[in-house]
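Enquirer: no FASTA, just this:
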């Protein structure tokens, strides 16, 4: 038994001597190579980008459609029309007609509206000078009368009621038309009469 123990110790020393590194030699490490690592590349996939849908242009008609601008209207001021008269005839009381004092009559003239204006309510026949022959007992003579309405180019009759003065003699009156603005126009019309005295009758003596 003693010899077996000695032998065991000898073999243990031999083993230890064999395992000891040589002097000056760098110790070596025995590494068991590992299998190559498998590299897994993780590619990050970006989340889907929400793409805004482009609206399809749609032609819509607004309920309140702007009205087209109106074409400017240039106001044209009409030129004033021209008044005129053409004398045609004496219808009554020829020149030099004789009347008794205080006798009444109606003087009439036929005329033509030879201007471009229609004669309306504002037109007048106005006494100018001479004797109006329109006075009545106790009343002043009337010196203005309304013209007979007449369109341009048509004829009209002017008439004035008159009365012979009380005194014998010759009397002449001149009249002219006037427009609503107070302008006289056209030819004058006139009347010329003679007032004769009442005949004297002889009174038989008793």
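Expert: In hand now; what should we look at? None of these values were measured; they are calculated from a predicted model.
Enquirer: got any ranges where the protein has weak pLDDT?
Expert: 1-78, 202-206 (pLDDT under 70).
Enquirer: would you map the helices across it?
Expert: Using DSSP state H, the helices of the chain run over 2-19.
Enquirer: which residues in it form strands?
Expert: 85-90, 97-99, 104-113, 124-130, 144-146, 155-163, 169-178, 184-195 (DSSP state E).
Enquirer: which elements pack onto the last one?
Expert: Helices and strands touching strand 184-195, by 3 or more Cβ pairs under 8 Å, 6 or more residues apart in numbering; DSSP states H and E, are strand 85-90, strand 97-99, strand 104-113, strand 124-130, strand 169-178. C-betas here are computed from N, CA, C, even on glycine.
Enquirer: any chance of the ones you listed in JSON lines, plus mean neighbour count and distance to residue 148?
Expert: Listed next are these as JSON lines, based on neighbours: other Cβ atoms under 10 Å; distance: least, Cβ to Cβ, whole Å:
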{"stretch": "strand 85-90", "mean neighbour count": "15", "distance to residue 148": "12"}
{"stretch": "strand 97-99", "mean neighbour count": "16", "distance to residue 148": "22"}
{"stretch": "strand 104-113", "mean neighbour count": "18", "distance to residue 148": "9"}
{"stretch": "strand 124-130", "mean neighbour count": "16", "distance to residue 148": "9"}
{"stretch": "strand 169-178", "mean neighbour count": "18", "distance to residue 148": "11"}
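Enquirer: quick check: which of the ones you listed is nearest to residue 157?
Expert: strand 104-113 (5.5 Å; Cβ to Cβ).
Enquirer: just checking, what packs against that closest one?
Expert: With contacts taken as 3+ Cβ pairs under 8 Å, 6+ apart, strand 104-113 sits against strand 85-90, strand 155-163, strand 184-195.
Enquirer: and the closest residue to residue 179 other than its chain neighbours, how far from residue 112?
Expert: Leaving out its chain neighbours, the residue that sits closest to residue 179 by Cβ to Cβ, 6 or more residues apart in numbering is residue 83, at 5.4 Å. Taking Cβ to Cβ, to the nearest Å as the measure, residue 83 falls 12 Å from residue 112.
Enquirer: then residue 150?
Expert: Using Cβ to Cβ, residue 150 is found at 8 Å from residue 112.
Enquirer: any residues in contact with both of those two?
Expert: Residues touching both residue 150 and residue 112 (Cβ atoms under 8 Å, 6 or more residues apart in numbering) are residue 156.
Enquirer: now the end-to-end length of stretch 100-108.
Expert: 19 Å (Cα to Cα, to the nearest Å).
Enquirer: also stretch 157-176?
Expert: Stretch 157-176: ends 14 Å apart by Cα to Cα.
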